[in-house]
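J.: below: sequence and its predicted model.
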Amino acid sequence: MKEQKKIAVVGAGLVGTLLAIYLKRAGHTVHVFDRSKDIRTVEFSGRSINLVMSDRGWKALEKLGLDAEIKKIGIPVYKRAIHLEDSSLNFQNYGKEDQAIFSLSRGILNRKMVDLAEAEGVQFFFESKIWDITLSTATLHEGLTERGEWHDLDYDIVFGADGAFSRIRHRMQRQSMFNYSQEFLKLGYKELHIPANPDGSHKIDPNSLHIWPRGEFMLMALANTNGSFTCTLFMPHEGENSFEQLKDKATLEAFFAKYFPDTKEVIPNLVEDFFKNPTSYLVTMKCYPWTYKDKVALIGDACHAIVPFYGHGMNAGFEDITILAEMMEKYGNDWETVFEQYQLSRKPNADAIAELSYRNFMEMSSKTADDKFHLQKKIEKWFSEKHPDKWVPLYSRVTFSHQPYAEALAEGEKQNAIMQEILSIDKIEEIWETEPIEHRILDLLAK
């Protein structure tokens, strides 16, 4: 028989709420603590990047039978729409014709997840500030302020799902032999907005991820179900084309007229949104170990925060839950082994998706506008359709499969080396769709 545990989840974000449902379904008492107000009662803050759900995320939801409910609040996205500086458009499919990622508003999804968790019997405690934890007893310390009076909350197990600046991890960091690093990108981001047409329809294609690649900076947009788009401007904090340079209305409008001329008609509130919404930071955080005995475990961004350029922060966090659930089924009441096997499985894959996400900024901001890159994608698509057993493109491995991220990264590096050799062949632009090229790729794969 499985022992019923009293479990606390710190953090009512997407990973915390889904984890809470899994734990509740497994028969445990589950309390979720979050220092913010109930997200269902507040207007979302204007610092979001729309989420994209892909196969790894759907797998975690499917196991609970929640996938259909979430698909209702998302929009399928089949391709990238690349907006070039001359205002022309290029399209790049993500995978096969029917393969899509789903655009989801973070705020709407988070509200939905809290509703679903409450319906399962999970208890939420909002505006509850957890400042510390006693690891050996899984005792949370809650209080109004960090230096004021605290009171103790006793649990059998605590999960830290409280994000990149986790208080639970902060306590774990003060142990010996705990490795920790964080690295901020020189880039930041700012949320902008494309409103719906008066009739509620979308101003641009809702089934594409729109990218305006401009090298060191880029704009992207993902559709919402209400006809609007959430746009995100990624730029360096400092330097020539940077947030520090865009200090007034005239400079901002001149910058957009020069680099994003086709947005003039679709972003009517550019100036208002730009100066109202905060400039946010991007961080990669790594640590290890993720667990303490059979008492405490970190999950999601609390142990592996990544930059958003592969759209896999949420998907990686949801896959953490899938693996944790598998270990719970395998090892039952032996929580120390559950935790140990969970972190051994997930750590190398979390490091791999962090690397992939970092590299994908270069692809999205520069390479998507590059002719050589377009040709590479065409050759890969042509070859993979002829030999689907021999070549699955890296993006498909990461997004449309459950292959461990670390394996996908290793295979992707091998494939890219082959493609660079193919692209260096004389007059490849004219001869890529030929038998000699096909055989050359097969030879290189066999090495």
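T.: The structure has been received and is ready for your questions.
J.: do a quick rundown of the strands in the stretch 1-150 of the chain.
T.: Using DSSP state E, counting those that start in this stretch, the strands found in the stretch 1-150 of the chain span residues 6-10, 29-33, 51-53, 75-77, 79-83, 89-93, 101-104, 123-125, 130-134, 139-143, 150-154.
J.: from residue 43, how far off is residue 328?
T.: 37 Å (CB to CB, to the nearest Å). C-beta here means a position set from N, CA and C on the backbone, and glycine is covered the same way.
J.: looking at these two, which is more packed in?
T.: Taking neighbours as other CB atoms under 10 Å, residue 328 and residue 43 compare with residue 328 leading, 20 against 7.
J.: what's the distance between the residue nearest to that one when sequence neighbours are not counted and residue 236?
T.: Of all residues not flanking residue 328 in the chain, residue 338 sits nearest, at 5.6 Å (CB to CB, 6 or more residues apart in numbering). Note on residue 338: its distance to residue 236, by CB to CB, is 43 Å.
J.: what about the two, which has more around it?
T.: Applying other CB under 10 Å to residue 338 and residue 236 shows that residue 338 carries more neighbours, namely 23 against 17.
J.: quick check: the more buried one is in a helix.
T.: Yes. Checked against DSSP: H, G, I helix; E, B strand; the rest coil, residue 338 lies within a helix.
J.: which residues touch it?
T.: Contact analysis of residue 338 by CB atoms under 8 Å, 6 or more residues apart in numbering lists 294, 324, 327-328, 330-331.
J.: now the buried members of those.
T.: Buried members of these, counted by 16 or more other CB atoms under 10 Å: 294, 324, 327-328, 331.
J.: most widely separated two among those residues?
T.: 294 and 324 (13.4 Å; CB to CB).
J.: what's the helix or strand for the nearest residue to residue 375 once chain neighbours are set aside?
T.: Leaving out its chain neighbours, the residue that sits closest to residue 375 by CB to CB, 6+ apart is residue 429, at 6.4 Å. According to DSSP states H and E, residue 429 maps onto helix 428-431.
J.: buried residues in the following helix or strand past that helix?
T.: Per DSSP H and E, helix 428-431 leads on to helix 435-446 as the next helix or strand towards the C-terminus. In terms of neighbour count (16+ other CB under 10 Å), helix 435-446 has its buried residues at 437-438, 441.
J.: name the helices or strands packed onto the top strand by length along the chain?
T.: The longest strand of the chain (DSSP state E) is strand 179-194. If contacts are counted by 3 or more CB pairs under 8 Å, 6 or more residues apart in numbering; DSSP states H and E, strand 179-194 sits against strand 229-236, helix 270-276, strand 280-288.
J.: just those: most buried one?
T.: strand 229-236 (a mean of 22; mean count of other CB atoms under 10 Å).
J.: run the chain-centre distance for that strand.
T.: 15 Å (CA atoms, centre = their mean, to the nearest Å).
J.: for the residue nearest to the spatial centre of the chain, which non-adjacent residue is closest in space?
T.: By CA atoms, centre = their mean, the chain has its centre lying nearest to residue 313, at 2.5 Å. Spatially, and ignoring its direct neighbours in sequence, residue 313 is nearest to residue 306 (5.6 Å; CB to CB, 6+ apart).
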